[in-house]
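K.L.:
structure, please.
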Amino acid sequence: MIRILSVLCFSVTLFCAACGQVAIPEPYGPVPSRQQLEWQKMEYYMFVHFGPNTFTGVEWGDGSENPDSFNPSSLDCRQWASTAKAAGMKGIIITAKHHDGFCLWPSLTSTHTVKESSWRGGKGDVLKELSQACREYGLKFGVYLSPWDRNHPAYGTPEYNKIFAQALTEVHTAYGPVFEQWFDGACGEEMEFAYDWELFIRTVYSHQPNAILFSDVGPGCRWIGNEQGVAGETNWSRLTTDGFTPGKGAPATEILNTGQAGGKYWIPGEADVSIRPGWFYSPDTDREQKTVESLMDIYYTSVGRNASLLLNVPPDRQGRIHRPDSLRLMEFRHAREKAFSRNLARGARIYASAVRNPLRMFAPKQMLDGKYDTYWTTDDSVSSACVIVILKHPEQVEMLLIQEYIPLGQRINGVTVECYDTRVGAWVRTAEATTVGYKRILRFPAILTDSIRIHLNARPVCPVINTIEIY
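P.N.:
Predicted coordinates for the structure are as follows:
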């Protein structure tokens, strides 16, 4: 107890403070919308690349494909949804139209669609089947539509922008709620063409006002700057996008990867990556799924670094999630459940070097209660503080999970973690980080400890933390 009290350096006045009404902290900088917060809490969902490329064996079709090439022998979107649900995913985003221009719904804007295919006699509609399956399994439904169209004769003309907006209207009015619209900024090298992004965004919001719009510059969420599922060690959910556009007009990938500390808008990162080497199914990669260890590393560098994880799992030529991919997803879920099965902070004692009054409302214990909307914070004038968690008894510790209460903004710009090594009787610095955001997971070599000390810096404002977990 003497050791604990000496390292905390807390004043007795902390526990005798007045308990009058004290206002909650003012929001700092941009903050997430209700829809963005709901999206961030999803954390992990499925990408589905599916179309003619699935059958031709290429990644980027050139638009000359015979519509009959799209011919899944036993399409089963319920199997996709049940697999995603069992894997712990919260939604599915499908490539409704990739760069080849082929539409997975019977669009009136094109002659390169499922209705021109002999599949199901031209009466098939993949989006209808998938949206229904998502609703059945309690998953959210999202769509990817590429504005690049290597088939449409009007592509490259001002008229095409209106045609693409009409395609968006079809998708966003026929299949129920859409949680995310995924915009790919690619336009190829063969033609310089200015997309009317204002029209596209306005069209989506007019039909789906709650949708999160993804692109290099948001406005709902942003590309993380790579296709390996790796967010920056520093990752702000803030970005200034004035003057930028998706694709060739986007900010540098380094900026997309880290965000900007003083960014003007709340545009959190989404990390996309495929379970296979390519985005579309190929029988040549049936034995090349990412290992469980690799997927866990991706989880820690995406969800564990304040980003969401969009994991691509491409259906095969039958129209089903391939068995080895499904098995790997289940192994991945088991590994996550094992890693986070025993939160050592449950039942622990927790103290802080400063607390905003009244103690009951902003007490340190709010960080351990498992509730999202309760949090610990300090007075406005206190921008650096120390939190210490005292375990029931010494444990092997190798991971710390910490969350900011982002409805009040992203504030933390420095974290240092120390553990009291019970074997040598000394504090050991085990981890450091810059940003936290919605969620930060810090890993370090296992250490036997009964006390974890966390130094937090949020200059120039007070820190606001709602969750601490220890594993």
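K.L.:
make it CA atoms for all contacts and neighbour counts henceforth
P.N.:
Fine.
K.L.:
what bridges to Trp223?
P.N.:
Under DSSP bridges, the beta-bridge partners of Trp223 are Glu270.
K.L.:
hang on, it packs against Ala271?
P.N.:
Yes: proximity of Trp223 to Ala271 meets the contact threshold set by C-alpha atoms under 8 Å, at 6.6 Å.
K.L.:
ok, which stretches of this protein are helices?
P.N.:
2-8, 34-42, 52-56, 77-86, 126-136, 158-174, 197-207, 253-258, 292-302, 323-339, 359-362 (DSSP state H).
K.L.:
and the ones you listed, which is most packed in?
P.N.:
helix 52-56 (a mean of 23; mean count of other C-alpha atoms under 10 Å).
K.L.:
how far is that helix from where the chain is centred?
P.N.:
Relative to the chain's own centre, helix 52-56 is displaced by 28 Å; criterion: C-alpha atoms, centre = their mean, to the nearest Å.
K.L.:
contacts made by that helix with the rest, please.
P.N.:
With contact meaning C-alpha atoms under 8 Å, 6 or more residues apart in numbering, helix 52-56 is reached by 59-61, 65, 67, 69-71, 102, 280-282, 315-317.
K.L.:
which residue is the nearest non-sequential neighbour of Leu108?
P.N.:
Once flanking residues are discounted, Leu108 sits nearest to Ala167: 7.9 Å by C-alpha to C-alpha, 6 or more residues apart in numbering.
K.L.:
how far away is that neighbour from Leu145?
P.N.:
9 Å (C-alpha to C-alpha, to the nearest Å).
K.L.:
ok, now Asp325?
P.N.:
Taken as C-alpha to C-alpha, the span from Asp325 to Leu145 is 24 Å.
K.L.:
now swap in Thr111 and tell me
P.N.:
Applying C-alpha to C-alpha to Thr111 and Leu145 gives a distance of 16 Å.
K.L.:
out of those two, which sits in the more crowded spot?
P.N.:
Leu145 (22 against 17; other C-alpha atoms under 10 Å).
K.L.:
in the sheet, who's paired with the more buried one?
P.N.:
Lys97, Phe183.
K.L.:
list the contacts of it.
P.N.:
Neighbours of Leu145 in contact, by C-alpha under 8 Å, 6+ apart: 95-98, 168, 181-184.
K.L.:
please redo it, this time with the cut-off set to 10 Å
P.N.:
94-99, 101, 103, 164, 167-168, 171, 181-184 (C-alpha atoms under 10 Å, 6 or more residues apart in numbering).
K.L.:
now do Ala84
P.N.:
So Ala84 contacts 44-47, 78, 90-92, 134, 137, 139, 313, 321, 326, 329-330 (C-alpha under 10 Å, 6+ apart).
K.L.:
can you report how many residues lie near Glu43?
P.N.:
Glu43 - counted by other C-alpha under 10 Å - has 23 other residues nearby.
K.L.:
these two touch, right, it and Arg305?
P.N.:
No: using C-alpha atoms under 10 Å, Glu43 and Arg305 do not qualify as a contacting pair, with a distance of 11.1 Å.
K.L.:
identify the contacts common to these two.
P.N.:
By C-alpha under 10 Å, 6+ apart, the residues touching both Glu43 and Arg305 are 299, 438-439.
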